[in-house]
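Novice: output the structure for:
(one chain, ligands or ions: 1)
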Amino acid sequence: MTIDVKAIRNDFPILERKVYGKPLVYFDNAATTQKPRCVVDAIAEEYYSVNANVHRGVHFLSQQATSLHEASREATRKFINARTTNEIIFTRGTTESINLLASVFAQSRLRQGDEVIVSVMEHHSNIVPWQLQAQRYGFVLKVIPINDQGELLLDEYRKLFTPHTKLVAVTHVSNVLGTINPVSELISIAHAHEVPVLVDGAQSVPHQPVDVQDLDVDFFAFSAHKMYGPTGVGVLYGKERWLDALPPYQGGGEMISHVSFEKTTFNELPFKFEAGTPDYIGTNALACAIQYLLHIGMDSIAAYEHQLTAYATERLLDIEGLRLFGTSQQKGSVLSFQVGNIHHFDLGTLLDRMGIAVRTGHHCAQPLMARLGIEGTVRASFSFYNTTDEVDALAAAIRRIARMF
Ligand code: PMP
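Specialist: Predicted coordinates for the structure are as follows:
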């Protein structure tokens, strides 16, 4: 394995703690990742020694806070290889990024009879914002189906396009099945119909290198807290020509150029979409998380997590009665499963008592659960700080619980 996990674990104080007297095994990384010391320290240090509201401030602290905030925008741009910082909109997270886009895209471009394509494996965050706008503007959602391995059916996808198709909104990596979708291919098919694409990158950005120019994606959303950064910060990437053409989202400070009661003009990108005081402490902490990830290396992270997930898959499939959901060829570090007739909630609760944190339930993907014909799963999701020993502990704990039933 290519990375020094022992050294990395020392950067995450929480991994040393015990729960119910047992060493913590944290396998809920798809919900949120733990934070390295440098990210937490950056938050404290900025509050202690820099804090001031950003932009327009003449005083020293305000200028320093603004520099840090804008340096984070540049670090984020570089991390996903956007062309310019005008294409990096700071939001509260993936959910807000998608709501922002759904709101402004629908307002300006979607009407009765139009169609937006999503997939059956979407997180509710990439379904409900579109449904809310659909109720308002009268467009419809069309759904890309999957096969039993949890892979999108590309032939069916191609058939969904009509002259009324206005947007494709699809996840990069499924938070339930772990499927890594062939987004380059999905995008080029959509572009052949002159349809733009939003990719939900919440589960891809923390685990693999992402290059938005290489993907040629039009919009891309992700959350800082799933990539070792703080809660409350996210990003909407959009191609500049798209963002320029779309109307503002919320109104308030920052997003205006000039306000009078007769007429208000709006600020230029990226500020047009950033009403109000941004979470500038959080954006600086995101820059620290990015720096941390780059220090380990995204290729090394992807390789390590791939090996760990392959190891875990093998160990879990060895357990009698264990059923894995999501067996796609291209798979990220997420394993969803059920064991015999044990209810997922009971399994998750008992694992917790043994110190192992997993997630149970529908994982905010109820349409996918309906497609799979189940109510929920147990989900173990891995990070580069997890180890094969922890995977062994999970497998042993599941066996113990299975014997109890
Ligand atoms: N999309 C996917 C694929 C996710 O896994 C999640 C988080 N579980 C979200 C969107 C929503 O992210 P957030 O809650 O950070 O806005």
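
Novice: return the residues of the stretch 51-200 of the chain in contact with the ligand.
Specialist: The stretch 51-200 of the chain comes close to the ligand at residues 93, 94, 95, 123, 125, 126, 171, 175, 200, as judged by Cβ under 6 Å from any ligand atom. Glycine gets a C-beta too; all of them are placed from N, C-alpha and C.

Novice: what's the burial count for the closest residue to the last one other than its chain neighbours?
Specialist: Using Cβ to Cβ, 6 or more residues apart in numbering and skipping the chain neighbours, the partner closest in space to residue 200 is residue 171 (4.3 Å). Applying the criterion other Cβ atoms under 10 Å, we find 30 residues in the vicinity of residue 171.

Novice: which two in the residues of the stretch 51-200 of the chain next to the ligand are spaced the farthest apart?
Specialist: With Cβ to Cβ as the measure, no two of these lie farther apart than 93 and 171, at 14.7 Å.

Novice: helices of the stretch 101-250 of the chain, start to end?
Specialist: 128-137, 154-160, 183-192, 212-215, 240-245 (DSSP state H, counting those that start in this stretch).

Novice: which one of those lies closest to residue 12?
Specialist: helix 212-215 (28.4 Å).

Novice: neighbouring contacts of the closest one?
Specialist: The contact list for helix 212-215 (Cβ atoms under 8 Å, 6 or more residues apart in numbering) reads 80, 81, 82, 83, 87, 183, 184, 187, 199, 220, 237.

Novice: residue 2 and residue 233, how far apart?
Specialist: For residue 2, the distance to residue 233 (Cβ to Cβ, to the nearest Å) stands at 29 Å.

Novice: who has more neighbours out of the two?
Specialist: Neighbours per residue (other Cβ under 10 Å) separate residue 2 from residue 233, with residue 233 holding more: 26 against 14.

Novice: what ranges do the strands span in the stretch 301-405 of the chain?
Specialist: Along the stretch 301-405 of the chain, the segments classed as strands by DSSP state E, counting those that start in this stretch run 322-325, 334-339, 356-357, 359-361, 377-381.

Novice: how about those strands in CSV, adding mean neighbour count?
Specialist: CSV is the format used below for the strands of the stretch 301-405 of the chain (neighbours: other Cβ atoms under 10 Å):
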stretch, mean neighbour count
strand 322-325, 18
strand 334-339, 24
strand 356-357, 20
strand 359-361, 19
strand 377-381, 28
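
Novice: from residue 92, how far out is residue 56?
Specialist: Relative to residue 92, and taking Cβ to Cβ, residue 56 is found at 22 Å.

Novice: so which of those two has more stuff around it?
Specialist: Remark: of residue 56 and residue 92, residue 92 carries more neighbours, 18 against 9, as counted by other Cβ under 10 Å.

Novice: contact partners for the more buried one?
Specialist: Counting by Cβ under 8 Å, 6+ apart, residue 92 touches 232, 233, 234, 279.

Novice: related to what we said a few turns ago, possible to save the residues of the stretch 51-200 of the chain next to the ligand as CSV with distance to residue 133?
Specialist: Formatted as CSV, those follow (distance: Cβ to Cβ, whole Å):
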residue, distance to residue 133
93, 19
94, 17
95, 14
123, 17
125, 14
126, 12
171, 18
175, 22
200, 16
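
Novice: save the residues you listed as TSV, and put in pLDDT and distance to residue 250 too.
Specialist: Shown next, in TSV, are these (pLDDT from 0 to 100; distance: Cβ to Cβ, whole Å):
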residue	pLDDT	distance to residue 250
93	98	15
94	98	17
95	98	15
123	98	23
125	98	18
126	98	20
171	98	25
175	98	27
200	99	21
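
Novice: okay, now residue 308: neighbour count?
Specialist: Neighbours of residue 308 (other Cβ under 10 Å): 21.

Novice: could you report the neighbour count for the residue nearest to it when sequence neighbours are not counted?
Specialist: Spatial nearest neighbour of residue 308, chain neighbours left out: residue 382 (5.3 Å); criterion: Cβ to Cβ, 6+ apart. Applying other Cβ under 10 Å, we find 26 other residues in the vicinity of residue 382.

Novice: same check on residue 249?
Specialist: Neighbourhood size, residue 249 [other Cβ under 10 Å]: 21.

Novice: who's in contact with it?
Specialist: 100, 103, 104, 273, 275.

Novice: if you set the cut-off to 6 Å instead, what comes out?
Specialist: Counting by Cβ atoms under 6 Å, 6 or more residues apart in numbering, residue 249 touches 100, 103, 104, 273.

Novice: which element is the first one on?
Specialist: Read it as residue 100. Following DSSP states H and E, one finds residue 100 within helix 94-109.

Novice: elements contacting that helix?
Specialist: helix 128-137, strand 219-223, strand 234-238 (3 or more Cβ pairs under 6 Å, 6 or more residues apart in numbering; DSSP states H and E).

Novice: give me the contacts around that helix.
Specialist: Applying Cβ under 6 Å, 6+ apart, the contact partners of helix 94-109 are 91, 125-126, 129-130, 133, 137, 166, 198, 202, 219, 221-223, 234, 236, 246-247, 249.

Novice: then stretch 393-402?
Specialist: With Cβ under 6 Å, 6+ apart as the criterion, stretch 393-402 contacts 25, 315, 319, 339, 350, 351, 354, 356.

Novice: and those residues, which are buried?
Specialist: 25, 315, 319, 339, 350, 351, 354, 356 (16 or more other Cβ atoms under 10 Å).

Novice: nearest to residue 363, of these?
Specialist: Among the buried ones among the contacts of stretch 393-402, residue 351 lies closest to residue 363 (Cβ to Cβ), at 15.8 Å.

Novice: poorly predicted segments of the stretch 101-250 of the chain, please.
Specialist: Across the stretch 101-250 of the chain, nothing is flagged by pLDDT under 70.
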